[in-house]
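Enquirer: Predicted structure and sequence below. I'll ask about it afterward.
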Amino acid sequence: MAAQNFNMPALSPTMTEGNIATWKVKEGDSFVAGDVLLEIETDKAQMDVEAQDDGVLAKIIQGDGSKAVQVGSRIAVTADPGDDLSSLEIPAEDTSAPKKDAPKEAPKQESQSAPKQETTSKPAQSSSSTGASKSGGKAQKQTYPLYPSVQHLLKENGLPKEEADKIPATGPNGRLLKGDVLAYLGRIEGNYASESAKRIGKLAHLDLSNIKVAAPKETPAKKPAAALEETLPIEEITVELALPISFKAVVETQKRVQESIGVFLPISTFIARAAELANEDLPKSKTAKPSADELFNAVLGLDKVAGKKASRGHFIPQVTSLAPTTLGPARITSVKQPDIFDILGGKKPAARPAPARLVGGAERVVGPVNVFSINVPKGDEKRGQIFLQRVKSVLEAEPGRLVV
């Protein structure tokens, strides 16, 4: 049984080296395909390396924090599942892995010994055979213009443009790709493109086999009015107050004003002026938030010296006129006067009630009733009652104050 070398992978087509951040698997631990083995940092990103097959991590060559590890160099040794690590032979490192400076030194040596075109094609031919078998592409003449990235790689590594016809191409319609050149140079594995495509296709598939339809949510039962009132804030709970007010004095005042100065004042004007007058100097609301001046006075203790707390109200009464009420006939009973002969004879007759008589016809009709109502926050009932009493007092007793 022999172990296998685990080399530094190329996580992008342009990656030549990377840093090992941390190993997620320790020596002697088993792993399965898809497990994250380690994290690799590059100058662009930090990526996870997943296991392609099941195995055991036999030995870590490059530990956590290793810097500038070349792509293709050995970083660990792995074994198959079930292997005895004590009897495994650690293989030698693959010396054919490319060095960082190898591509730059090749043109210099070739310029001294042979023409540039001949010497650069020889190492490429040796690696092209392995690259073609792994990548699945085949070398063919490039009829399309080369991609700028491909031209840059060829120029950077001292390869002529004619060398592009000898590199196995995996692009559409046989076009040469940047990854093909990197595989030809040995920078990345020859099957990197196909393996990446398979992995992306696997990750792109969304498995919905274990998805279940969520059960419908139960609609909450309606709370009774009492329970709903308990959950509402105190400032949102309102109480309706009502008070009947007669317009008799208002109508009389309205007629006098029209007869004396020829001006007709509608009843709505009397109501608006009465409400304006009744809103003055009401007791302070218990639900109102204190102003900045009131808070400052409270800090200095001036709120106790100021005396009675009062504030202006903003009540607008709603007027409802009820239909006339029909009452039964009014009956007046009287006592029958005693007979004169009974009085002269000394006889004291018992008083008997006389038949009742109707007053004002068979029935009495009571005029329409005007009800003034307002909604006040809970706790301000007294404040609202004072307002309604003031409106009633002005409209029924002193409507003349509202003329001027």
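Expert: Done, it's in. Note that the structure is a prediction, hence the values are computed from the model and not measured.
Enquirer: Tell me where the model's unsure across this protein.
Expert: Scanning the chain for pLDDT under 70 picks out 1-2, 94-136, 190, 193, 197, 221-236, 303-309, 322-368.
Enquirer: And the strands in the stretch 51-200 of the chain?
Expert: 55-60, 69-70, 74-79, 138-139, 168-169 (DSSP state E, counting those that start in this stretch).
Enquirer: Dump the ones you listed into TSV; add distance to Gln389 and mean neighbour count as well.
Expert: In short, each C-beta sits where N, CA and C put it, glycine included. As requested, these are arranged in TSV below (distance: least, Cβ to Cβ, whole Å; neighbours: other Cβ atoms under 10 Å):
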stretch	distance to Gln389	mean neighbour count
strand 55-60	91	20
strand 69-70	92	18
strand 74-79	93	21
strand 138-139	104	15
strand 168-169	100	24
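Enquirer: residues in contact with Val71?
Expert: Asn7, Met8, Pro9, Ala10, Met15, Thr16, Glu17, Gly18, Pro98, Arg187, Ile188 (Cβ atoms under 8 Å, 6 or more residues apart in numbering).
Enquirer: closest to Glu50 among those residues?
Expert: The nearest member of those to Glu50, counting by Cβ to Cβ, is Pro9 at 9.9 Å.
Enquirer: what's the closest non-adjacent residue to the closest one?
Expert: Val49 (6.0 Å; Cβ to Cβ, 6 or more residues apart in numbering).
Enquirer: Now that neighbour. Its backbone dihedrals?
Expert: phi -110, psi 120 (degrees, to the nearest 10).
Enquirer: Wait, it touches Asn7, no?
Expert: No. Using Cβ atoms under 8 Å, Val49 makes no contact with Asn7, being 10.9 Å away.
Enquirer: related to what we said a few turns ago, out of the contacts of Val71, which is nearest to Ser285?
Expert: Distance to Ser285, by Cβ to Cβ, is smallest for Gly18 among those, at 71.5 Å.
Enquirer: What number of residues are in the vicinity of the closest one?
Expert: 25 (other Cβ atoms under 10 Å).
Enquirer: And Lys26, by the same measure?
Expert: Look at Lys26: counted by other Cβ under 10 Å, it has 8 neighbours.
Enquirer: what's it in contact with, if anything?
Expert: So Lys26 contacts Leu57 (Cβ under 8 Å, 6+ apart).
Enquirer: swap in Val250?
Expert: With contacts defined as Cβ under 8 Å, 6+ apart, Val250 is in contact with Ile267, Phe270, Leu395, Pro399.
Enquirer: what does Asp54 give?
Expert: Listed by Cβ under 8 Å, 6+ apart, the contact partners of Asp54 are Ser30, Phe31, Val32, Ala33, Asp80, Pro81.
Enquirer: 6 Å instead, please
Expert: Residues near Asp54 by Cβ atoms under 6 Å, 6 or more residues apart in numbering: Val32, Ala33, Pro81.
Enquirer: same check, this time on Met15
Expert: Thr42.
Enquirer: Apply 7 Å and report the result again.
Expert: Met15 makes contact with Thr42, Val71, according to Cβ atoms under 7 Å, 6 or more residues apart in numbering.
Enquirer: again, but for Asn279
Expert: So Asn279 contacts Arg312, Gly313, His314, Phe315, Phe387 (Cβ under 7 Å, 6+ apart).
Enquirer: Which among the contacts of Val250 count as buried?
Expert: Phe270, Leu395, Pro399 (16 or more other Cβ atoms under 10 Å).
Enquirer: The second one falls within a helix, correct?
Expert: Yes. Membership of Leu395 in a helix is supported by DSSP: H, G, I helix; E, B strand; the rest coil.
Enquirer: pretty sure it is touching Leu243, no?
Expert: No. Assessed by Cβ atoms under 7 Å, Leu395 is found out of contact with Leu243, at 10.7 Å.
Enquirer: Pull the number of nearby residues for the closest residue to Pro283 other than its chain neighbours.
Expert: Nearest non-adjacent residue to Pro283, counting by Cβ to Cβ, 6+ apart: Arg383, 5.1 Å away. Using other Cβ under 10 Å, the number of residues around Arg383 comes to 21.
Enquirer: How about the one 10 residues further on?
Expert: Other residues near Ser393 number 14, with proximity taken as other Cβ under 10 Å.
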